[in-house]
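A.B. asks: my questions concern the predicted model and sequence given below.
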Amino acid sequence: MTNHDDFSSTPEPSRGAVRRRRLPAFAAGGTAVLVTAVLTVLTVGSATAAAPTSGQEVTDQPAALDTSDQASETVLLPTGDQVRMQPDGTIGLLPAEGREDVGFLAVPAADGSGDTIIVPQDKSEEILSGTEDSRRYNVTQLMADGHADAADVETSELEQYAGLPPTTDDAGAEAAQTLTVTVKDRFGGIPDGSGAKWFDTADFAHNGSLEFDDGVATADLAPGTYILIYSFGNGATDTEPGEDIHGLTHVVIGDQSMGLLLDGAKAQPVTVEVERPDATLDSDILTLAATAPDGSGVELTSFGSVGIDRYLMPQTEVPGYDLAFKFQPTLTGSKGGPYAYNLTFAQHGGFPDDTAFSVADDELAAVQTEYRGFGKAVDGYTCNEGDHVEPIGKPGCFLAATSFPSERLELFTADPAIDWSNLIEGGLYHADDDLLLVDGFHEQADFAFEPGESERTFPHGPLTAGASRAGLFNADGVTYIEAGATLGASINGEQLHLLGYTGDATLFLDCEQIDHVAGIDPFGGFGFALTKPAAGRYILAVDGTRGTAIGPFATTSAVEWTFDLDPASVDPEGSLLTLPAIGITAEGIDSGWTKDRHQELTLELLDVMGEAVTAREMTFEVSYNNGRTWKAVDVDLDGSTGTVELDHPRTAQYVSTRLTATDETGTEVTQTTIRSYGLH
């Protein structure tokens, strides 16, 4: 198992932001937009992802912990379903109670912006017809504006949002020809439901949906080439499972009308077989994509579950496009102990000829995982998303309820062509949003797995402050600085950070305070406006405290960066300032505790992406009385890495750390953590 980017904080602040202004120069995304499709009105089931069972609610938070003005990563749809966007863009779904069998599709907004609209299956007809406002399902914009409940958003605010494209072509070209599409299910009948969408290959923003009546739909299209993506099938009955048939095809419109038959009898079942006899399918995600050399293209992403059989229509050539396929099934069982198969079958260069997949256990990575937490019983979620190293479509996963402590065997596809993005989190959630973690721990880590058995204990290391980076830009004579700070982080083979700090961020110029932000969780992000920018030596000081609801560690944490800055030299379009930090690694620290009274710690100066930063100097101090007194320890420094040896007093219970480093550019960092870890 290889951890690709072993760093202590996420590249961009994403939670609890107290922002004065967003930083457009660093918005996510490239020049090409992949469009997600298709609207379907039939059975696309979703995984059952039960809410945590402990019933914990954040009802007694300190007054300073006010999340009302903080940016949200989750949104409650009008249907009561919850959608969560992970920091890496992965969509996590959690159906409302009683709606576990309702399906979802990720659908693009009509304006080509890349906004994602999440469409529950049982609302698709209303959303297509316009009787239900599709803008209330535009999760990209709802989250960007910090709306936690889509139903409560004023209609006037929705006016800036993009919705779904029309169901017919409104170009009105005189030369348009009629395309007639007929669908038949696997037995030659009319499917219970059908959905299709066409895209003009000359301009993917020019697209539309087909509206089927008795299995037939038409669209008037100007001569040209189009990509048609579609889904159709039948719902489940008391005795038979439902079926979803998916496909993608190339259509050329010439100087006369044409017909297209989509015959479900030609579709091949998409199945998976594993060795463990009690394994049952929990969920799956199916993606089809067609991508041009410039990165533009279309995709179909469908979220399914038990009770719905998947089928794939035969591949058709789409000249000039790379066709890609991804199937992500999750199976679980309990014989011999709880386990989960996390599988991905993904390829570029066309759809697979054989969609009856099978794997043997010895081909997989088998990771016996202990989800311990930090000593207090809490609930949370895991979410595993596997993709091709050349990503295919929008990432997605199902949130699986996970208790801390608990353990299970995680079986992963082990293939050099597959990368995994895995979420682990637990703690206390907001009383009104059971996906909004306000006090707890969070890890979003990328891995490449190799076949074989291994073990993992989570968490697995000492806590300290993490690296960051600040975004800088000038506008109207004002220099803006936006940053985030991780006050409790572990990089000991993991990328864990703590949420739930209440803290301050202060900016100084030549030791004079020039701006201050109070009462925030610094991980969520904060901003400063330099109304009188001047060159000099700046200090960014961040500190925070947290309670012991999830465990007694990193209760007080602080990080301070000192750096040279000339605001006049900042690129008006924006630039980045590296704010490194010292990561600590050590063996034998599990769940925040160790039995080792003699330890060797490795210290490494890192940037936010986990890259080593050469250190001119490095110091280390230790405290055994929660920071009242400190003892200096010699550091053996070599480049970016230092080592220290500690002999802990027999009566010591907690180890607090204070570290400093100076990099080659003269940037200094000081980080202090009370109770980095404990001693048994």
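C.D. replies: Ah, there it is.

A.B. asks: and the helices in the stretch 1-150 of the chain?
C.D. replies: Secondary structure of the stretch 1-150 of the chain (DSSP state H, counting those that start in this stretch): helices at 124-129, 139-144.

A.B. asks: what's the following helix or strand after the last one?
C.D. replies: Past helix 139-144, further along toward the C-terminus, the next helix or strand under DSSP states H and E is helix 155-158.

A.B. asks: which of the helices of the stretch 1-150 of the chain sits most buried?
C.D. replies: The highest mean neighbour count among the helices of the stretch 1-150 of the chain, using mean count of other Cβ atoms under 10 Å, belongs to helix 139-144: a mean of 21. C-betas here are computed from N, CA, C, even on glycine.

A.B. asks: what's the longest strand in this structure?
C.D. replies: When the chain is parsed with DSSP state E, its longest strand is strand 433-448.

A.B. asks: sheet partners, orientation included, of it?
C.D. replies: The pairing partners recorded for strand 433-448 under DSSP bridges are strand 2-3 (antiparallel), strand 418-430 (antiparallel), strand 496-499 (antiparallel).

A.B. asks: mean pLDDT lowest where, among the helices of the stretch 1-150 of the chain?
C.D. replies: Ranked by mean pLDDT, those bottom out at helix 124-129, which scores a mean of 77.

A.B. asks: please state the offset of it from the chain centre?
C.D. replies: Remark: helix 124-129 is offset 28 Å from the chain centroid, using Cα atoms, centre = their mean, to the nearest Å.

A.B. asks: go on, stretch 606-614?
C.D. replies: 22 Å.

A.B. asks: could you give the mean pLDDT of it?
C.D. replies: 93.

A.B. asks: in it, what counts as buried?
C.D. replies: In terms of neighbour count (16 or more other Cβ atoms under 10 Å), stretch 606-614 has its buried residues at 606-608, 610, 613.

A.B. asks: what's the span of that stretch, first residue to last?
C.D. replies: 8 Å (Cα to Cα, to the nearest Å).

A.B. asks: in space, what's closest to Pro352 - neighbours in sequence excluded?
C.D. replies: Excluding its sequence neighbours, the residue lying closest to Pro352 (Cβ to Cβ, 6 or more residues apart in numbering) is Phe325, at 6.0 Å.

A.B. asks: that neighbour: what secondary structure?
C.D. replies: Phe325 falls in the strand class when you classify it by DSSP: H, G, I helix; E, B strand; the rest coil.

A.B. asks: how near is it to Phe104?
C.D. replies: From Phe325 across to Phe104, the span is 20 Å (Cβ to Cβ, to the nearest Å).

A.B. asks: which one of those two has more residues nearby?
C.D. replies: Comparing Phe325 with Phe104 by other Cβ atoms under 10 Å, the one with more neighbours is Phe104, at 27 against 24.

A.B. asks: check contacts around the closest residue to Gln268 other than its chain neighbours.
C.D. replies: Spatial nearest neighbour of Gln268, excluding adjacent residues (Cβ to Cβ, 6+ apart): Thr355 at 5.1 Å. By Cβ atoms under 8 Å, 6 or more residues apart in numbering, the residues touching Thr355 are 268-271, 312, 327.

A.B. asks: tell me the pLDDT at the residue nearest to the spatial centre of the chain?
C.D. replies: In the chain, the residue lying closest to the centroid (Cα atoms, centre = their mean) is Gln86, at 2.4 Å. Looking at Gln86, its pLDDT reads 79.

A.B. asks: hey, what's Val181 bridged with?
C.D. replies: As for beta bridges, Val181 partners with Ala217, Leu260 under DSSP bridges.

A.B. asks: hang on, I meant Thr545
C.D. replies: Thr502, Thr556.

A.B. asks: from Tyr501, how far out is it?
C.D. replies: 7 Å.

A.B. asks: and Tyr339, what are its bridge partners?
C.D. replies: Gly333, Leu409.

A.B. asks: can you get me a residue count around Phe351?
C.D. replies: Here the number of neighbours of Phe351 (other Cβ under 10 Å) works out to 18.

A.B. asks: nope, Thr629 is what I meant
C.D. replies: With other Cβ under 10 Å as criterion, Thr629 counts 9.

A.B. asks: chain neighbours aside, what residue packs nearest to it?
C.D. replies: Ser623 (6.2 Å).

A.B. asks: same thing with Gly500?
C.D. replies: Closest to Gly500 by Cβ to Cβ, 6+ apart is Asp439, at 3.2 Å.

A.B. asks: I figured the one you found hits Gly427, correct?
C.D. replies: Yes. The pair Asp439 / Gly427 is scored as a contact, 5.2 Å apart, by Cβ atoms under 8 Å.

A.B. asks: which neighbours do those two have in common?
C.D. replies: Contacts common to Asp439 and Gly427, judged by Cβ under 8 Å, 6+ apart, are 499-500, 549-550.

A.B. asks: from those residues, pick the one nearest Tyr654.
C.D. replies: Using Cβ to Cβ, Ile550 comes nearest to Tyr654 of those, at 15.9 Å.

A.B. asks: where are the low-confidence patches of this structure?
C.D. replies: Across the chain, residues meeting the criterion (pLDDT under 70) sit at 1-72, 110, 112, 165-174.
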